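Trainee: let's see this in three dimensions:
(one chain, ligands or ions: 2)
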Amino acid sequence: MTPILEVEGLSLHYRTRFGGRIHAVDDVSFTLEKGEILGIAGESGCGKTTLVSGLMGLLIPPLHRSAGEVRVAGRNILGLTPEEARRTILGREVSMIPQGALNSLNPTRKVKDLAADVIRSHDESVDRAAIHERLRERFTRIGLDAEAVLNAYPVQLPAGTKQRVVIGISTLLNPKIVIADEPSSALDVSTQKAVIRLLFDLLDEGIVSSMIFITHELSLLRHVSSRIAVMYAGQIVEMGTTEQVIFDGRQPYTRALMGSMLSAEPGQKARKPVAIEGAPPYLGQELHGCRFAPRCPVAKPDCAERDQVLRTVKNRLVRCHHAE
Ligand SMILES: Nc1ncnc2c1ncn2[C@@H]1O[C@H](COP(=O)(O)OP(=O)(O)OP(=O)(O)O)[C@@H](O)[C@H]1O
Ligand SMILES: [Mg+2]
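Mentor: Ligands and ions are numbered 1, 2, ... in the order given. Predicted structure coming up:
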């Protein structure tokens, strides 16, 4: 069966005002099967949100494609204009839970009007009563007091309810893939966990079938995803099952990222997180050798010169020629 999402050799760059290019996503490839939850983790600035723009077909200048393809259910979506992508992909094929979900609702309109817009963008002919019925049914199904919530303004709702409303509206059109992209600035792991619980409700209800959960908090993915891709400086540096990546990372960056996590798992001995010294390389220059080498605790002299490719190590993909 064709995977629901296929990303093949995707490279994306931002054009700068001075004619330069920031290579934010570099040769990224992966697939997502129907029913699967994929986690993507990496430090701030490694290209996660840029990758999401590509997955939604939203290449809006200064963001451009350098190479590669994104196929949703077999159809290449990167040839579309942003306007076409909005009309045909967003919300119905791929939907994103907005970053900072709580503040993404227009405060001047009632929830029912905000939600009705989404349905009308899909089908202009549907009448008010039918829309209301559909919203009532969906909001009830995701555990909301539908009548009260639909008639409220966003500011009148408690945070947890508002979050549920945002996710409910983002998934009204039953998208095949939902992407939750958590900003690194949101250090509130309990909020992220609440979002995850909600998304699992949507999976249980059969409203969505596949999901990509993006976070800087690698350990958060432990109970969420079946597979994880770790990104560093625009590239995937390790990709494997959740078990492999979290408990047996083979790429030194994966291990450093796990070691830098704050949250200790229940039953695990509390340990001091070890920050990763230094900063990722600037993506506006041509890069040679291993991109992590300057920060890598186990780097060898040849790492700085040798360009790294993804290769199979212990049944997962690793970008490090010393990994075994
Ligand atoms: N509009 C832009 N113009 C130029 N460079 C940009 C632009 N937006 C992002 N970048 C750069 O692209 C790279 C990837 O940024 P991106 O936002 O995708 O990272 P991220 O992994 O989502 O980070 P975070 O965890 O902070 O959300 C960074 O180096 C960033 O500075
Ligand atoms: Mg981001």
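
Trainee: shaky segments in the stretch 151-300 of the chain?
Mentor: Within the stretch 151-300 of the chain, the segments meeting pLDDT under 70 span 183-189, 262-271.

Trainee: center of the chain - which residue?
Mentor: Ile214 (3.6 Å; CA atoms, centre = their mean).

Trainee: next one: that one from Leu55, what distance?
Mentor: Distance of Ile214 to Leu55, given as CB to CB, to the nearest Å: 10 Å. (Glycine included, C-beta is placed from N, CA and C.)

Trainee: surely Tyr232 is in contact with Ala293?
Mentor: No: in this structure, Tyr232 is not within contact of Ala293 by CB atoms under 8 Å, at 11.1 Å.

Trainee: of those two, who's got more company?
Mentor: When Tyr232 is set against Ala293 and neighbours are counted by other CB atoms under 10 Å, the residue ahead is Tyr232, at 26 against 20.

Trainee: bridging residues for that one?
Mentor: Gln235 (DSSP bridges).

Trainee: circling back to that earlier point, what is in contact with Ile214 and Leu55 at once?
Mentor: Jointly contacting Ile214 and Leu55 under the rule CB atoms under 8 Å, 6 or more residues apart in numbering are Ile179.

Trainee: hey, where'd the strands end up in this structure?
Mentor: Along the chain, counting by DSSP state E, strands occupy 5-15, 21-32, 37-41, 63-72, 75-76, 94-97, 177-181, 210-215, 227-232, 235-241, 311-313, 316-318.

Trainee: so for the fifth one, mean pLDDT?
Mentor: Looking at strand 75-76 alone, the average pLDDT works out to 92.

Trainee: paired strands for it, with orientation please.
Mentor: In the sheet, strand 75-76 lines up against strand 63-72 (antiparallel) (DSSP bridges).

Trainee: just the residues contacting the partner strand, thanks.
Mentor: With contacts defined as CB under 8 Å, 6+ apart, strand 63-72 is touched by 4-15, 21, 23-24, 27-29, 50, 53-55, 57, 59, 76-78, 89, 93-94, 176-177.

Trainee: and the helices in the stretch 151-300 of the chain?
Mentor: Under the criterion DSSP state H, counting those that start in this stretch, the stretch 151-300 of the chain carries helices at the ranges 159-170, 189-204, 242-248, 252-259.

Trainee: buried deepest among these, which one?
Mentor: Counting by mean count of other CB atoms under 10 Å, helix 252-259 has the highest mean neighbour count of the helices of the stretch 151-300 of the chain, with a mean of 22.

Trainee: and that helix, is it in reach of ligand 1?
Mentor: No: using CB under 6 Å from any ligand atom, helix 252-259 stays clear of ligand 1, coming no nearer than 12.2 Å.

Trainee: now do that helix: distance to the chain's middle.
Mentor: 19 Å (CA atoms, centre = their mean, to the nearest Å).

Trainee: quick check: which helices or strands does it pack against?
Mentor: strand 227-232, strand 235-241 (3 or more CB pairs under 8 Å, 6 or more residues apart in numbering; DSSP states H and E).

Trainee: care to break the chain down by domain?
Mentor: Per automatic domain parsing, the domain ranges recorded for the chain read 5-93+175-318, 102-174.

Trainee: can you check which of those gets nearest to Glu324?
Mentor: Nearest to Glu324, of all those, is domain 5-93+175-318, at 6.3 Å by CB to CB.

Trainee: any idea which of the helices and strands packed on helix 252-259 is most buried?
Mentor: Comparing the helices and strands packed on helix 252-259 by mean count of other CB under 10 Å gives strand 227-232 as most buried, with a mean of 26.

Trainee: that one relative to strand 235-241, how many degrees between them?
Mentor: Relative orientation of strand 227-232 versus strand 235-241 (axes from the mean of the first three to the mean of the last three CA atoms, to 10 degrees): 160 degrees.

Trainee: and strand 227-232, does that touch ligand 1?
Mentor: No: between strand 227-232 and ligand 1, judged by CB under 6 Å from any ligand atom, nothing touches; the nearest distance is 6.9 Å.

Trainee: other residues contacting that strand?
Mentor: By CB under 8 Å, 6+ apart, strand 227-232 touches 28, 30, 36, 38-43, 46-48, 51, 218, 221, 236-242, 245-246, 249, 251, 253-254, 257, 280, 291-292.

Trainee: tell me what angle that strand forms with strand 37-41.
Mentor: Using the same axes, to 10 degrees, strand 227-232 lies at 20 degrees relative to strand 37-41.
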